[in-house]
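[1] take a look and give me a structure for this.
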Amino acid sequence: MRRKIYFVALSVIGVFIIYFGVASLSTSAEKNISLSEKDAFKMIEKIKDKTDKKYNIGTYSINSNVDNNSKEIDIEIIGSQDYYNSVKNEVKELVINSIKSTEFEAYTVNVNKSEINKIITEEIREEHRLMREIFETINNELSETYPEQIEKIDLANKTSEFSIEIKTSLNKKQKSSDVAIEIENKIQMNLEKKLSSNKLIKEKTVKIYIYNKHGEKIN
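    From the prediction side, this is the model:
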């Protein structure tokens with residue numbers, strides 16, 4: 001029997017599709033899957049968090065075939081052959097480090113070149129490029145100024161709004177609101193000085209949300 005957890009990462013257009021076997025996984029189905037399969041979803045999310053914003057990833061999948069004892073994690077890179085060659089080893093190393101000391105440590109990691117470029121539109125490619133520009137600019141600024149306090153940066157390109165969510169390690173006992181205002185001001189400065197020509201920033205209302213370690217909004 002072959003089990004496959006498949007994650008199509010088209011976050012740039014706001015679409016995330018998860019398949020289990022050949023059927024889409026509904027909320028009710030998720031409650032009935034085994035612990036190992038739930039762990040596979042969590043592992044895919046963990047790998048995605050470490051790679052999706054930095055690299056052009058097309059799909060993530062975890063495959064287990066009990067018939068031939070095959071266990072694999074497959075990652076597909078979107079882009080030219082030169083781009084694929086330049087990042088495939090970095091991506092593979094990140095995935096291997098992510099699965100260390102977990103039940104997936106024995107899985108073979110495969111990093112392949114995606115064929116999605118044959119069907120993806122130029123508009124989606126451009127949107128992905130603009131998203132990466134925003135992420136890298138903000139990440140470089142915040143990681144340098146707040147190396148111990150920034151945990152995650154999430155971007156979402158919605159119909160009429162572009163949102164920037166910053167998850168921090170700040171807790172309630174610290175002057176988190178003061179730091180949050182500083183962080184928000186730094187982001188606004190980068191939007192105005194370094195990203196003013198970015199179409200996603202120019203054409204939409206930008207909302208900035210900053211959260212403490214408990215998930216509470218603090219700006």
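[2] Gln81 and Val95, how far apart?
    21 Å (C-beta to C-beta, to the nearest Å). Using the backbone N, CA and C atoms, a C-beta is placed for each residue, glycine as well.
[3] more neighbours, the two?
    When Gln81 and Val95 are compared for neighbours, Val95 comes out ahead with 23 against 8, by other C-beta atoms under 10 Å.
[4] my guess is His128 contacts Tyr55. True?
    No. Assessed by C-beta atoms under 8 Å, His128 is found out of contact with Tyr55, at 10.9 Å.
[5] hey, where'd the helices end up in the chain?
    27-32, 35-51, 81-99, 122-145, 176-193, 199-202 (DSSP state H).
[6] from Lys113, how far off is Asp82?
    Asp82 is 11 Å from Lys113, by C-beta to C-beta.
[7] which of those two has more neighbours?
    More crowded of Asp82 and Lys113, by other C-beta under 10 Å: Lys113, with 17 against 8.
[8] and that one, bridged to which residues?
    For Lys113, the beta-bridge partners under DSSP bridges are Ile77.
[9] that one: what's it in contact with?
    76-77, 79, 81, 84 (C-beta atoms under 8 Å, 6 or more residues apart in numbering).
[10] where does the chain have low pLDDT?
    Along the chain, segments meeting pLDDT under 70 span 1-37, 65-69, 116-121, 172-175.
[11] and it, what are its domains?
    2-118, 122-211 (automatic domain parsing).
[12] format the ones you listed as JSON lines; extra columns: distance to Asn219.
    Output for the domains of the chain, formatted as JSON lines (distance: least, C-beta to C-beta, whole Å):
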{"stretch": "domain 2-118", "distance to Asn219": "21"}
{"stretch": "domain 122-211", "distance to Asn219": "4"}
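[13] among these, which comes closest to Lys217?
    The closest of those to Lys217 is domain 122-211. By C-beta to C-beta, the value is 5.7 Å.
[14] quick one, which of the helices of the chain is nearest to Val109?
    Of these, the one closest to Val109 (C-beta to C-beta) turns out to be helix 81-99, at 4.9 Å.
[15] that closest one vs helix 35-51, what angle?
    Orientation check (axes from the mean of the first three to the mean of the last three C-alpha atoms, to 10 degrees): helix 81-99 against helix 35-51 gives 130 degrees.
[16] packing partners of helix 81-99?
    Secondary-structure packing of helix 81-99 (3 or more C-beta pairs under 8 Å, 6 or more residues apart in numbering; DSSP states H and E): helix 35-51, strand 70-77, strand 108-113.
[17] and Asn139, which of the ones you listed is closest to it?
    Here helix 35-51 is closest among those (C-beta to C-beta), at 12.7 Å.
[18] fine by me, thanks again.
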